[in-house]
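Novice: Below are the sequence and a predicted model; questions follow.
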Amino acid sequence: MRIFGLIGYPLTHSFSHNYFKEKFRREIITNTSYELFPISDIKEFSTLIATHPNLLGLNVTIPYKEQIIPFLTELEATAKIIGAVNCIKIKHSLSGQVSLKGFNTDAYGFSQSIKPFLKNHYRKALILGNGGASKAVEYALKKTGIETIKVSRNAKSKPYKADFLYSELTKEIIQSCQLIINTTPMGTFPDIHNYPQIPYEHLTTKHFLYDLVYNPEETEFLKRGKLNGAKTMNGINMLKLQADKSWKIFNLQD
Ligand SMILES: NC(=O)c1ccc[n+]([C@@H]2O[C@H](COP(=O)([O-])OP(=O)(O)OC[C@H]3O[C@@H](n4cnc5c(N)ncnc54)[C@H](OP(=O)(O)O)[C@@H]3O)[C@@H](O)[C@H]2O)c1
C-alpha cells in the first residue's frame, strides 16, 4: 500500500483528504491512500516517518510550513528561496535510509490561479499576514514584477518582519495597492465573522481582493471588499492547483 498524507494541526476540516480520496476513486488509483496526521508538535515528525515505512509523500499545512525545514534532508530551489515547504517527497533506500525533499507548490498554485486576472493591471500588492503562505505569495508576485508590501500584527519583531501594522494602513497605502491578498487564517470556518482590520472604505472598483481562505466560499474579508466595489476571489483554485502539483511531485521517477 502506498501512503500519502497531510501534517498540520489541527486538521479538522481538511480539503486535501477528500480531494485525494475522490481523485483516487475517479482515476481508479488503487493500493494508495491519503491520510491525515495531526501532530500537535513538529518534534513528532521524526517518529511519524520512522513508524510509517510506506509513507511516500506529505503535504504540510498550518502551522508547520516553516518549522518543517530543519527536519528535511534536501530543499528544492524554489522552496529554499521562499523559506517554506508544503510538499515533501519521501524516498526509502534499501539500506533503510530515508530522504525527505521539500518543495513549495503554494507559489505555483497562487501564480497560476491569479494569472488570468493580472494582465498588467497591478503594480503594487498588499499582503496581509507574514507566515508560510505569505512568503509563497510574495515570491510569486515579485516574479511577475509586482512590488509587495506586508502587513502583520507584529510588524517590527523578528523573524516576522513586515512593513506595516494593520493600524498603520492609510488611504494612500490602500489606494496605491490595488491588489490585496489575505494570507492569514482570519475568517476561516468556524470563526467566520473575523476579518483583517484594513480600512475597507478606501477600496475602489479598481481593487482586487484575493483570499487564500476557501472555507467559507465568501469570507467576511471578501464580502467587505465586494461591498466597496472591489473584485474578489477565494483560495479554492489555488488549493486544487497546489494539490495537483504535489501529486505530480510525489510520482516523479528520479
Ligand atoms: N488556498 C490555498 O491553497 C492555501 C495555501 C496555503 C495557505 N492557505 C491558507 O492561508 C492561511 C495561512 O497559512 P500559513 O501556512 O501561511 O499559516 P502560518 O504560517 O501560520 O501564517 C499565518 C499568518 O497569519 C497571521 N495570523 C495568524 N493568526 C492570525 C489572527 N488571528 N489574526 C491576524 N493575523 C493572524 C500571522 O501573521 P502575523 O503574526 O505576522 O500577523 C501568521 O504568520 C491558512 O488559513 C491556510 O489555510 C491556503
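Specialist: Now that the structure is in, tell me what you want to look at. Residues are numbered from 1 along each chain as shown.

Novice: what number of residues lie near the residue in the stretch 51-200 of the chain that the ligand sits nearest to?
Specialist: Relative to the ligand, the nearest point of the stretch 51-200 of the chain is Gly131 (1.8 Å; CB to the nearest ligand atom). Yep, even glycine has a C-beta here, placed from its N, CA and C like the rest. Residues lying near Gly131 (other CB atoms under 10 Å) number 17.

Novice: and what of Arg2?
Specialist: Burial of Arg2 is recorded as 15 neighbouring residues (other CB under 10 Å).

Novice: Apart from its neighbours in sequence, what residue is nearest it?
Specialist: The shortest distance from Arg2 to any residue other than its chain neighbours is 4.6 Å, reached at Thr32 (CB to CB, 6 or more residues apart in numbering).

Novice: Where does the prediction get shaky in the stretch 51-200 of the chain?
Specialist: 156-161 (pLDDT under 70).

Novice: Point to the residue nearest the middle of this protein.
Specialist: What sits nearest the mean C-alpha location of the chain, by CA atoms, centre = their mean, is Ala133, with 4.0 Å.

Novice: how distant is the strand or helix carrying that residue from the center of its chain?
Specialist: Element membership of Ala133, judged by DSSP states H and E, is helix 132-143. With CA atoms, centre = their mean, to the nearest Å as the basis, helix 132-143 stands 9 Å off its chain's centre.

Novice: Pull out the buried positions in it.
Specialist: 132-141 (16 or more other CB atoms under 10 Å).

Novice: Next: stretch 181-198.
Specialist: Within stretch 181-198, judged by 16+ other CB under 10 Å, the buried ones are 181-184, 186-188, 195-196, 198.

Novice: got the residues you listed as JSON lines, with secondary structure and distance to Ala79 columns?
Specialist: Listed next are the buried residues of stretch 181-198 as JSON lines, based on DSSP: H, G, I helix; E, B strand; the rest coil; distance: CB to CB, whole Å:
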{"residue": "Ile181", "secondary structure": "strand", "distance to Ala79": "20"}
{"residue": "Asn182", "secondary structure": "strand", "distance to Ala79": "22"}
{"residue": "Thr183", "secondary structure": "coil", "distance to Ala79": "17"}
{"residue": "Thr184", "secondary structure": "coil", "distance to Ala79": "21"}
{"residue": "Met186", "secondary structure": "coil", "distance to Ala79": "25"}
{"residue": "Gly187", "secondary structure": "coil", "distance to Ala79": "27"}
{"residue": "Thr188", "secondary structure": "coil", "distance to Ala79": "24"}
{"residue": "Tyr195", "secondary structure": "coil", "distance to Ala79": "30"}
{"residue": "Pro196", "secondary structure": "coil", "distance to Ala79": "26"}
{"residue": "Ile198", "secondary structure": "coil", "distance to Ala79": "29"}
